[in-house]
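K.L.:
Predicted coordinates and the sequence they were generated for:
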Amino acid sequence: MTEHWTADEASLLQQLRQAAGLDTSRFAMESAISQAQLLQLENGGDTLFYSPAIKAHLGRTLIAKLQNRPRSVTGAA
C-alpha cells in the first residue's frame, strides 16, 4: 500500500505549527529537516523526498510531535 500525504494533513501540520508559535525555519531546525522540505509538506510538492511514503511518514511524525508538544503556561515556546 502506498501512503500519500493529503491536503488535509498538510493544512493540519501548518495549523499546529502556527498554533505552537513556531516559524518554518525554527520548526524545521528542531525537526532536523530542511525548511524547504517543511514548506513542501505544508504547501505541496515532493521533489525533496525519495518517495510519497517517506513524505507521508515524515509529515505524520511531525503532526504527532506537535500534538504531543508540552504547552507552556506562560505562552513561551
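P.N.:
It's in. Small disclaimer: the values here were computed from a predicted structure and weren't measured.
K.L.:
For residue 33, see how far away residue 40 is.
P.N.:
When distance is defined by Cβ to Cβ, to the nearest Å, residue 40 is 10 Å away from residue 33. In this view, the C-beta of every residue, glycine as well, is placed from N, C-alpha and C.
K.L.:
cool, and residue 57?
P.N.:
Going from residue 57 to residue 33 by Cβ to Cβ gives 12 Å.
K.L.:
cool, residue 39 as well?
P.N.:
Distance from residue 39 to residue 33, by Cβ to Cβ: 10 Å.
K.L.:
what do you get for residue 5?
P.N.:
To residue 33, residue 5 is 14 Å away according to Cβ to Cβ.
K.L.:
try residue 42
P.N.:
12 Å.
K.L.:
Who has more neighbours out of the two?
P.N.:
Relative neighbour count places residue 42 above the other of residue 42 and residue 33, with 21 against 16, counting by other Cβ atoms under 10 Å.
K.L.:
With adjacent residues omitted, what lies nearest to that one?
P.N.:
Excluding the flanking residues, the one nearest residue 42 by Cβ to Cβ, 6 or more residues apart in numbering is residue 14, at 4.4 Å.
K.L.:
my read: the one you found touches residue 39, true?
P.N.:
No - under the criterion of Cβ atoms under 8 Å, residue 14 is not in contact with residue 39, lying 9.8 Å apart.
K.L.:
Show the pLDDT at residue 74.
P.N.:
At residue 74, the model reports a pLDDT of 49.
K.L.:
same deal with residue 8?
P.N.:
pLDDT, read off for residue 8, is 97.
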